[in-house]
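Trainee: Sequence and predicted structure below; questions after.
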Amino acid sequence: MNLLINLLGLALIVGIVWWFWLSKRAAPAAVAPAASVIMVKDGVYEPERIQVPAHEETTLHFLREDPSPCAEYVVFADLDVNAQLAVGEETEVKLPAMEAGEYPFTCQMQMYRGTLVVA
Amino acid sequence: MVESKKVFTLHGASCASCVHKIETVLNQVPGVKQARVNLAEKTASVWGRVDTGACVLAIEQAGYGAELTTVSDRELREQQREADQKHYRDLLWRAGLALALGLPLMAWGLITGEMSVHAPVQQVAWGLVGLATLAVLIYCGGHFFTGAWKAFRHHNASMDTLIALGTGTAWLFSMLVVVAPQLLPEMARHVYFEASAMIIGLINLGQALEVRARGRTSAAVEKLLQLQDVSARVLHNGEEVDVPVDEVQLGDRLRVRPGEKIPVDGTVLEGSSLVDESMLTGEPVPVQKAQGDFLSAGTLNKNGTLLFTAEKVGSETRLAQIIEMVKNAQNSRVPIARLADRISAVFVPVVMVIAVLAALVWFNWGPEPKVAHMLVVATSVLIIACPCALGLATPMSVMVGVGKGAEHGVLVRNGKALQQASKLTTLVVDKTGTLTEGTPKVTDLETEGDKDELLRLLASLEQASEHPLAEAIVDAAQERGIRLSTVQHFEAIIAHGVRGEVDGHKLLLGNRKLMLRENVDVDHWQAAVEALAGKGRTAMYAAIDGKAAGLIAVADPLRSDARSAIQRLKSLGLEIQMLTGDNRATAEAVATQLGIDWVHAELLPEDKENIIADLQAKGGHVGMAGDGINDAPALARAEVGFAIGAGTDVAIETADVTLMRSSLHGVADAIELSRATLRNIKQNLFGAFIYNILGIPIAAGLLYPITGNLLSPVIAGAAMALSSVTVVSNANRLRLFNPSEINA
């Protein structure tokens, strides 16, 4: 019994490390097109990875359903862009032309996390 | 595509049949569940899984125009306030329900000590309590579980994950005790339903208090938004018509009466009045406005009626730009937060690993009941850890600090500028326009002949010059009503002066070098010129037809509060250095009057940037205060560029910190504010780090050898709920900040 519980505990730790770090890096979530409506709900942006073309201005569409103040702003820290999101209505966020690369976007507290994949 | 509501602004819809026509075409667009037109507001609201372009196209094909409505800042703010209120009540209700179950259960446990399952009757009783707790977990804490599950699916973990795991584990263990007590040692047959309910209740309560406190952090932007009037009085065909401010067009003529706000930016056509601009500039004294003066939206007309032309409307007004800048700065990252950001990103999974490790340690080496201890320790570690406090520490302080700056006429571009301003060791100040008014005036005119005649000749000569000093001489002649003659053969001699012919006389006006070059003997006037330079005035020799005729001195008056502002900046520990293109004697005189120890005189515009680079190379953290236009390269080179441009558009675009008020005190305000904000951020970060660094080991049972007790998960939940509220409340303390202005 003792051995089983210890093995279970160690398996849990390995599972946590694998799920939250290793597998995430190995297989990032599918990339959605820029025209998608990004849902802001239950602590996640859905879809969380958005593909936008490089060297072109882009407009993203956010639909915030989480009324808590945590979700009020979306912040693109690398681009110096942020936007206040209306509750229950689509909010357009205009982004400048970007070089190819990955740019994170988050809520103010960085609990909501998403990635712009510029290619 | 997801289901949502879209609102379109309609063009060309004017009657009931239009309403029917538009609703019909919209209802035919694929995905539209419902479409409704509001004729009074000229809007169409569409519900469903719809494409914006398809809706616009359908309306256009029906013969009308349409565009997706953007929600104004003010509407967004009001909407958020309503959402906050609803969310607050909702959280309070959930907290109340959960505590209504948790508190009696906790009291029962404390009073009777009967929280174990040893008999079938107890199994039934605790089974019912377990089901009631499950209802509480689902109704009052369901959002934590859905959030945790969604985050998990995205390989993320958040505060929801910790709460869901903590309360879920406690409930599952307790149900195992109820359903199959025989599987556990007798000492471990303890139920923790009260912990699950109490934790959910306390965290909902904490979040409700946090929502309240967070609402106050955006008070400054709300105040700015409130400045914007909703309607304007426009003159159409000689009649005054009240129209929504959004409908004011460029070139419209508007009237404002005493006590009314200026609705858009513009220039006064008729009338004169005192206008209170304190809300934008922080300058308490109202400003007299008359024909040709500029009016800013949001300022308050005090005592007269003004007619003015609209020159900037909507998002182009200075007020709208300020609001935009403040909102951007409030959400920008501060370099000091990088460490907290990095920790936040891995915090929750690390805590989960710690919780499992702590549970294993207690299982392997802890005293009996080992299984119960495992559960208490794992739950407490999961619950006490608070990623929110870390995440909130910086943004909340920046929100309040940047907003507070705006209240005092200090516009900070971003969090980086705010942090750098707090570390400055040297402030380089451009003399003209910053320490002085920037509008030179003639102060002395000496001649052995007719003063007015000399002034007439010199002003006639200087008409052709673009130098600021020339403008002062021309202005002086015009003020005295002197009519000027035409100048011929005008020549500006760089770094010397000017020459030309007026009414047949050959004139020279300039410095000693010019006179030496032209062989004019000015020894007679030299002592007077040196005496004037000693007073900080720029004196020039005048020669008529090759003979010295006298001198004229021009000075740019010092700003009335420049000396007190310099003293204040020095008391903040800054070394003040003055830059000027003036000659050394004049510059030294000004510096002495103001108490400035370091002077760089006789500079060309490009020298200013090099001086800042040199100071930085010597290890100084250098800020630069200038007018935001002529000093652009130097402002950009400095770690923080302060533009004292009274809020010119160019200054707002380029400077790190824009001072709406034309006073160097604004720089001191900005530095004091940045230091207060950084101090607040450090307190928050320190508090959040220390809380987690101490809280997690205590929850893991570190103090057990001393106290003989483990930390209750309920106490862990209360501590966690309080930690976020404490961070937001501490940030709100910044709202009490006031600059320590020393009056001149």
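Mentor: Yep, that arrived. Numbers count the residues shown, from 1 in each chain, chains lettered A, B, ... in the order given.

Trainee: can you pull the contacts of the residue in the stretch 301-450 of chain B positioned nearest to chain A?
Mentor: The nearest approach of the stretch 301-450 of chain B to chain A comes at residue B:391, 3.3 Å away (Cβ to the nearest Cβ). Yep, even glycine has a C-beta here, placed from its N, CA and C like the rest. The contact partners of residue B:391, by Cβ atoms under 8 Å, 6 or more residues apart in numbering or on different chains, come to A:108-111, B:340, B:344.

Trainee: Tell me the one among the residues you listed nearest to residue B:734.
Mentor: residue A:108 (16.3 Å; Cβ to Cβ).

Trainee: give me the number of residues near the spatially closest residue to residue B:472 that is not a sequence neighbour?
Mentor: Excluding the flanking residues, the one nearest residue B:472 by Cβ to Cβ, 6 or more residues apart in numbering or on different chains is residue B:440, at 4.2 Å. Residue crowding around residue B:440 was assessed by other Cβ atoms under 10 Å in any protein chain shown; the count is 22.

Trainee: Can you name the residues of the stretch 51-200 of chain B sitting close to chain A?
Mentor: Within the stretch 51-200 of chain B, the positions near chain A by Cβ under 8 Å from any Cβ of the partner chain are B:52, B:68, B:70-71, B:73, B:76, B:79-80, B:83-84, B:86-87, B:143, B:146-148, B:150-152, B:154-160.

Trainee: at 6 Å instead, please
Mentor: Those residues of the stretch 51-200 of chain B that sit near chain A, judged by Cβ under 6 Å from any Cβ of the partner chain, are B:71, B:76, B:79, B:83, B:87, B:146-147, B:150-151, B:154-155, B:157-158, B:160.

Trainee: And residue B:422, how far from residue B:205?
Mentor: In this structure, residue B:422 and residue B:205 are 35 Å apart, going by Cβ to Cβ, to the nearest Å.

Trainee: Would you mark the buried spots in stretch A:56-67?
Mentor: A:58, A:60-64, A:66-67 (16 or more other Cβ atoms under 10 Å in any protein chain shown).

Trainee: same check, this time on stretch A:32-41
Mentor: A:32, A:34, A:36-41.

Trainee: What of stretch A:38-53?
Mentor: A:38-52.

Trainee: ok, it near chain B or not?
Mentor: Yes - Stretch A:38-53 lies within reach of chain B by Cβ under 6 Å from any Cβ, at A:39, A:42-44, A:48.

Trainee: Determine which two of those residues are furthest apart.
Mentor: A:42 and A:48 (12.2 Å).

Trainee: ok, now which ones touch the residue of chain A found nearest chain B?
Mentor: As assessed by Cβ to the nearest Cβ, chain B sits closest to residue A:109 within chain A, at 3.3 Å. Residues counted as contacts of residue A:109 (Cβ atoms under 6 Å, 6 or more residues apart in numbering or on different chains) are A:70, B:391-392.

Trainee: before we move on, what about residue B:307?
Mentor: Residue B:307 neighbours (Cβ under 6 Å, 6+ apart): B:255, B:269-271.

Trainee: Can you tell me the closest non-neighbouring residue to it?
Mentor: Closest residue to residue B:307 in three dimensions, ignoring its sequence neighbours and counting by Cβ to Cβ, 6+ apart: residue B:270, at 4.1 Å.

Trainee: And for residue B:66?
Mentor: Nearest non-adjacent residue to residue B:66, counting by Cβ to Cβ, 6+ apart: residue B:59, 4.0 Å away.

Trainee: can you list contacts of the helix or strand hosting that neighbour?
Mentor: Using DSSP states H and E, residue B:59 sits in helix B:52-61. For helix B:52-61, the surrounding residues in contact (Cβ under 6 Å, 6+ apart) are B:22, B:25-26, B:29, B:46, B:66, B:68.

Trainee: Could I get the average pLDDT for it?
Mentor: In this model, helix B:52-61 has an average pLDDT of 86.

Trainee: average pLDDT for whichever helix or strand comes after that helix?
Mentor: Proceeding N to C from helix B:52-61, the next assigned helix or strand is strand B:65-68, under DSSP H and E. Mean pLDDT, strand B:65-68: 82.

Trainee: number of nearby residues for residue 78?
Mentor: This is for chain A. 14.

Trainee: my bad, chain B
Mentor: 14.

Trainee: Please name the bridge partners of residue 44.
Mentor: I went with chain A, as the question did not name one. Bridge pairing for residue A:44 (DSSP bridges) gives the partners residue A:41.

Trainee: let's do chain B instead
Mentor: residue B:8, residue B:37.

Trainee: Same check on residue A:59?
Mentor: According to DSSP bridges, beta-bridge pairing links residue A:59 with residue A:94.

Trainee: residues of the least confident helix or strand in chain A by mean pLDDT that come out buried?
Mentor: Every helix and strand of chain A was ranked by mean pLDDT, DSSP states H and E. The lowest is helix A:23-26, at a mean of 75. Across helix A:23-26, burial judged by 16+ other Cβ under 10 Å covers no residue at all.

Trainee: Which SSE is immediately downstream of it?
Mentor: strand A:32-33.

Trainee: I'd like the distance from that following strand to the chain centre, please.
Mentor: Relative to the centre of its chain, strand A:32-33 is centred 13 Å away, using Cα atoms, centre = their mean, to the nearest Å.

Trainee: so for stretch B:253-265, what's the average pLDDT?
Mentor: 92.

Trainee: Break down the stretch 301-450 of chain B into its helices, ranges please.
Mentor: Ranges of helices within the stretch 301-450 of chain B are B:318-330, B:338-365, B:370-384, B:387-407, B:415-421, based on DSSP state H, counting those that start in this stretch.

Trainee: got the angle for the fourth one vs helix B:338-365?
Mentor: When you say that, I think you mean helix B:387-407. Per axes from the mean of the first three to the mean of the last three Cα atoms, to 10 degrees, the angle that helix B:387-407 makes with helix B:338-365 is 160 degrees.

Trainee: Helix B:387-407 vs helix B:318-330, what angle?
Mentor: Using the same axes, to 10 degrees, helix B:387-407 lies at 150 degrees relative to helix B:318-330.

Trainee: Could you count how many residues lie near the residue in the stretch 501-650 of chain B that chain A sits nearest to?
Mentor: Chain A sits closest to residue B:636 of the stretch 501-650 of chain B, with a gap of 16.0 Å, by Cβ to the nearest Cβ. Using other Cβ under 10 Å, the number of residues around residue B:636 comes to 14.

Trainee: Please apply the same query to the one 3 residues further on.
Mentor: By the criterion of other Cβ under 10 Å, residue B:639 has 21 neighbours.

Trainee: Phi and psi next, for it.
Mentor: phi -60, psi -40 (degrees, to the nearest 10).

Trainee: which ones are touching residue B:150?
Mentor: A:42, A:44.

Trainee: where's it, which helix or strand?
Mentor: Per DSSP H and E: helix B:120-153 holds residue B:150.

Trainee: again, but for residue A:61
Mentor: Going by DSSP H and E, residue A:61 is in strand A:58-64.

Trainee: I'd like to know which elements that strand is packed against.
Mentor: Counting contacts by 3 or more Cβ pairs under 6 Å, 6 or more residues apart in numbering or on different chains; DSSP states H and E, strand A:58-64 is packed against strand A:37-41, strand A:90-95.
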